[in-house]
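A.B. asks: predicted model, plus sequence, below.
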Amino acid sequence: MVKICCIGAGYVGGPTMAVIALKCPHIEVAVVDISVPRINAWNSDQLPIYEPGLEDIVKQCRGKNLFFSTDVEKHVREADIVFVSVNTPTKTTGLGAGKAADLTYWESAARMIADVSASDKIVVEKSTVPVKTAEAIEKILMHNSKGIKFQILSNPEFLAEGTAIADLFNPDRVLIGGRETPEGFNAVQTLKEVYANWVPEDQIITTNLWSAELSKLAANAFLAQRISSVNAMSALCESTGADVTQVAYAVGTDSRIGPKFLNASVGFGGSCFQKDILNLVYICQCNGLPEVAEYWKQVIKINDYQKNRFVNRIVSSMFNTVSNKKVAILGFAFKKDTGDTRETPAIDVCKGLLGDKAQISIYDPQVTEEQIQRDLAMKKFDWDHPLHLQPMSPTTVKQVSVKWDAYEATKDAHAVCVLTEWDEFKSLDYQKIFDNMQKPAFIFDGRNVLNVDKLREIGFIVYSIGKPLDAWLKDMPAFV
Ligand SMILES: NC(=O)c1ccc[n+]([C@@H]2O[C@H](COP(=O)([O-])OP(=O)(O)OC[C@H]3O[C@@H](n4cnc5c(N)ncnc54)[C@H](O)[C@@H]3O)[C@@H](O)[C@H]2O)c1
Ligand SMILES: O=c1ccn([C@@H]2O[C@H](COP(=O)(O)OP(=O)(O)O[C@H]3O[C@H](CO)[C@@H](O)[C@H](O)[C@H]3O)[C@@H](O)[C@H]2O)c(=O)[nH]1
């Protein structure tokens with residue numbers, strides 16, 4: 001029986017390996033991690049991550065051909081194929097701080113593989129890594145090996161959170177990069193055969209190592225660029241009376257552009273886009289391409305601008321101060337159908353409002369109070385380290401309260417901000433919410449999911465990203 005071991009039982013390692021186990025009953029899959037609580041959770045009824053459809057698959061395979069363990073060395077030693085899906089955070093200190101990828105966890109995983117291996121192995125980069133990482137990993141593995149042969153493959157993951165299982169079942173493509181040598185081609189073929197159990201062969205793309213590594217960074221940069229492009233247009237729409245939804249629709253019907261990923265928002269979040277673009281910018285700089293670096297950096301700058309613009313709009317609309325005013329936040333996760341808050345725009349919006357001394361009351365159906373407090377107290381980029389290595393926040397933010405009900409969160413509030421597009425926010429009883437709020441009652445829709453006309457009929461003053469402004473907001477200049 002072929003044995004696969006995946007180092008890193010996170011948002012990528014967990015779902016990816018669960019799907020491989022489901023689709024390949026003849027393969028034994030072990031997912032290992034240094035975090036004991038994470039592995040305990042994978043072995044319990046309360047999985048460590050929320051992802052629609054995941055629980056059913058884990059229940060079906062766990063204990064049969066899918067195992068979760070902290071015995072990292074044992075499973076690596078026994079495996080034929082080792083996936084590495086560990087954190088690759090942005091460096092916070094030293095050379096490349098604030099941009100470059102920190103490969104500490106990757107390097108320690110590679111050294112451990114070299115130390116414990118007693119047979120030839122294929123080592124697969126699943127984490128998103130800088131171009132040429134495979135070369136460095138190869139050196140670590142070869143240098144330490146005792147005649148053992150390692151083949152390195154790059155197999156970046158393209159799943160999006162909230163739709164991970166659907167994406168894994170039916171990927172647009174699977175990308176495998178390898179060395180262009182007979183051994184490299186064999187390794188690529190071996191991995192291809194795993195995916196071919198459920199992915200049509202013409203959707204399995206094979207390339208050289210560097211193309212696979214760079215394609216992942218490029219794909220995320222292109223996706224994020226679309227959002228920054230539509231968000232840049234949203235600012236112009238507000239100034240001109242155009243409606244960004246209409247503009248995006250008109251633009252997206254051009255088959256060369258396409259309709260997806262053109263929703264204006266308070267800004268993109270998530271663990272990948274910012275980190276991967278910063279990494280791309282750094283690689284461009286290191287390769288003597290400052291113009292290319294500057295081009296991609298602009299995608300992040302517009303995203304920061306959009307989050308600031310949103311906060312400024314709230315404050316300026318509310319007589320230029322939110323000091324001691326209660327602002328209800330609906331949604332804290334970086335997108336719907338996930339409890340993940342990594343780089344969520346809600347953190348920047350809340351910090352901006354707290355800077356203006358607001359009292360904040362938050363409701364999100366999937367995010368706990370402990371997580372929100374951690375996020376608001378944590379330094380930028382600290383979130384992307386294994387849980388037990390993250391600095392603990394010494395204090396909680398007192399002006400923040402977390403509620404388990406939208407009506408409770410919005411009670412007596414001066415304003416409501418929608419920051420995640422959870423479906424349930426569309427069908428709330430907004431008349432009831434309005435009746436229980438201070439007047440004038442404001443709603444700032446950062447996701448364009450609410451029925452603006454209906455809200456205005458009720459009596460709300462409404463701001464929606466990139467939509468024609470109502471009279472109140474026009475008279476209150478946003479200082480952007
Ligand atoms: N989250 C996504 O949607 C997504 C999608 C595609 C690619 N990626 C990339 O995949 C990688 C992992 O992302 P994630 O979201 O799964 O991160 P994560 O933080 O959820 O999981 C990483 C896990 O690796 C473990 N780990 C770290 N070092 C280890 C070691 N030496 N030995 C054993 N375990 C170790 C950590 O404890 C953690 O549980 C990153 O490079 C990310 O950029 C993420
Ligand atoms: O039109 C859009 C689409 C998305 N977003 C926001 O963009 C962020 C990222 O969304 P999404 O890409 O759906 O989720 P991720 O899980 O971050 O997935 C991205 O990042 C992963 C990690 O690299 C890749 O594997 C995926 O292909 C890539 O879509 C979220 O805050 C969304 O709300 C918008 O504001 N407007």
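C.D. replies: Great, that's in hand. Residues are numbered from 1 along each chain as shown. Ligands and ions are numbered 1, 2, ... in the order given.

A.B. asks: backbone dihedrals for the residue nearest to residue 71 when sequence neighbours are not counted, please?
C.D. replies: Distances taken as C-beta to C-beta, 6 or more residues apart in numbering put residue 32 closest to residue 71, at 6.8 Å, once the chain neighbours are dropped. Bear in mind the C-beta positions are built from the backbone N, C-alpha and C, glycine included. Dihedral angles of residue 32 (phi, psi; degrees, to the nearest 10) stand at phi -120, psi 150.

A.B. asks: what pLDDT does residue 32 get?
C.D. replies: If you check residue 32, the pLDDT there is 98.

A.B. asks: and for the one 5 residues further on?
C.D. replies: Note for residue 37: predicted pLDDT of 95.

A.B. asks: then residue 92?
C.D. replies: pLDDT recorded at residue 92 is 86.

A.B. asks: how much space between it and residue 384?
C.D. replies: From residue 92 across to residue 384, the span is 10 Å (C-beta to C-beta, to the nearest Å).

A.B. asks: so for these two, which sits in the more crowded spot?
C.D. replies: residue 384 (18 against 14; other C-beta atoms under 10 Å).

A.B. asks: residues in contact with the more buried one?
C.D. replies: With contacts defined as C-beta atoms under 8 Å, 6 or more residues apart in numbering, residue 384 is in contact with 87-90, 271, 275, 342.

A.B. asks: which two of those have the greatest separation?
C.D. replies: Checked with C-beta to C-beta, the contacts of residue 384 reach their widest spread between 88 and 342, with 12.8 Å between them.

A.B. asks: out of the two, which sits in the more crowded spot?
C.D. replies: Higher neighbour count among residue 88 and residue 342: residue 88, with 24 against 19, using other C-beta under 10 Å.

A.B. asks: would you confirm that the more buried one contacts residue 104?
C.D. replies: No. At 9.1 Å, residue 88 and residue 104 do not qualify as touching, with contact defined as C-beta atoms under 8 Å.

A.B. asks: what is the burial count for residue 194?
C.D. replies: 21.

A.B. asks: need the phi and psi values for it.
C.D. replies: Dihedral pair for residue 194: phi -60, psi -50, per degrees, to the nearest 10.

A.B. asks: ok, residue 207 next?
C.D. replies: phi -140, psi -180.

A.B. asks: pull the contacting residues for it.
C.D. replies: Residue 207 makes contact with 175-177, 215, according to C-beta under 8 Å, 6+ apart.

A.B. asks: let's see which of the residues you listed end up in strands.
C.D. replies: Residues of the contacts of residue 207 located in strands (DSSP state E): 175-177.

A.B. asks: low-confidence stretches in the stretch 151-300 of the chain?
C.D. replies: Within the stretch 151-300 of the chain, no range satisfies pLDDT under 70.

A.B. asks: how about the residues of it near ligand 1?
C.D. replies: Applying C-beta under 6 Å from any ligand atom, one finds that the stretch 151-300 of the chain approaches ligand 1 through 157, 159, 161, 271-272.

A.B. asks: out of these, the closest to ligand 1 would be?
C.D. replies: Nearest to ligand 1 out of these is residue 157 (C-beta to the nearest ligand atom; 4.0 Å).

A.B. asks: you'd agree the closest one is in a helix?
C.D. replies: No. Counting by DSSP: H, G, I helix; E, B strand; the rest coil, residue 157 is not found in a helix; it is coil.

A.B. asks: per-residue pLDDT, residue 453?
C.D. replies: So, for residue 453, pLDDT stands at 95.

A.B. asks: surely it forms part of a strand?
C.D. replies: No. Using three-state DSSP, the assignment for residue 453 is helix, not a strand.

A.B. asks: and this structure, what are its domains?
C.D. replies: Residue ranges for the domains of the chain, per automatic domain parsing: 2-199, 243-474.

A.B. asks: with distance to residue 224 added, can I get these in JSON lines?
C.D. replies: Shown next, in JSON lines, are these (distance: least, C-beta to C-beta, whole Å):
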{"stretch": "domain 2-199", "distance to residue 224": "12"}
{"stretch": "domain 243-474", "distance to residue 224": "4"}
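
A.B. asks: picking up where we left off before, of the ones in strands among the contacts of residue 207 - the most surrounded one?
C.D. replies: Of all the ones in strands among the contacts of residue 207, residue 177 has the most neighbours under the rule other C-beta under 10 Å, reaching 26 neighbours.

A.B. asks: hang on, the earlier thing: out of the residues of the stretch 151-300 of the chain next to ligand 1, which touch ligand 2?
C.D. replies: Among those, the ones lying near ligand 2 by C-beta under 6 Å from any ligand atom are 157, 159, 161, 272.

A.B. asks: the last one touches residue 128, doesn't it?
C.D. replies: Yes. The pair residue 272 and residue 128 passes the contact test of C-beta under 8 Å, sitting 6.7 Å apart.

A.B. asks: common neighbours of the two, please.
C.D. replies: Contact criterion C-beta under 8 Å, 6+ apart; residues shared by residue 272 and residue 128: residue 220.

A.B. asks: give the helix, strand or coil label for the closest residue to residue 302 other than its chain neighbours.
C.D. replies: Spatially, and ignoring its direct neighbours in sequence, residue 302 is nearest to residue 228 (4.0 Å; C-beta to C-beta, 6+ apart). Classification of residue 228 using three-state DSSP returns helix.

A.B. asks: pretty sure residue 228 contacts residue 304?
C.D. replies: No. With contact defined as C-beta under 8 Å, residue 228 does not reach residue 304; the gap is 9.9 Å.

A.B. asks: so which of those two has more stuff around it?
C.D. replies: residue 228 (22 against 14).

A.B. asks: residues in the stretch 301-450 of the chain within reach of ligand 2, list them.
C.D. replies: The stretch 301-450 of the chain has residues 334-335 near ligand 2, with proximity defined as C-beta under 6 Å from any ligand atom.

A.B. asks: type out the PyMOL command that picks the buried ones from the residues of the stretch 151-300 of the chain next to ligand 1.
C.D. replies: Buried residues among those (16 or more other C-beta atoms under 10 Å), as a PyMOL selection:
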select buried, resi 157+159+161+271+272
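
A.B. asks: would you format the residues of the stretch 151-300 of the chain next to ligand 1 as TSV with distance to residue 465 included?
C.D. replies: Below are those laid out as TSV (distance: C-beta to C-beta, whole Å):
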residue	distance to residue 465
157	30
159	27
161	22
271	23
272	22
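
A.B. asks: sketch out the low-pLDDT regions of the stretch 301-450 of the chain for me.
C.D. replies: Residue ranges of the stretch 301-450 of the chain with pLDDT under 70: 391-395.

A.B. asks: can you give me the strands in it?
C.D. replies: Secondary structure of the stretch 301-450 of the chain (DSSP state E, counting those that start in this stretch): strands located at 326-330, 359-363, 400-403, 415-418, 442-445.

A.B. asks: now stretch 370-378: buried residues?
C.D. replies: Buried residues in stretch 370-378, defined by neighbour count with 16+ other C-beta under 10 Å: 371-377.

A.B. asks: so that stretch, near ligand 1 or not?
C.D. replies: No. Using C-beta under 6 Å from any ligand atom, stretch 370-378 stays clear of ligand 1, with a minimum separation of 13.5 Å.

A.B. asks: isn't residue 158 up against residue 219?
C.D. replies: Yes. Under the contact definition of C-beta under 8 Å, residue 158 touches residue 219, with a separation of 6.6 Å.

A.B. asks: that concludes my questions; thank you for your assistance.
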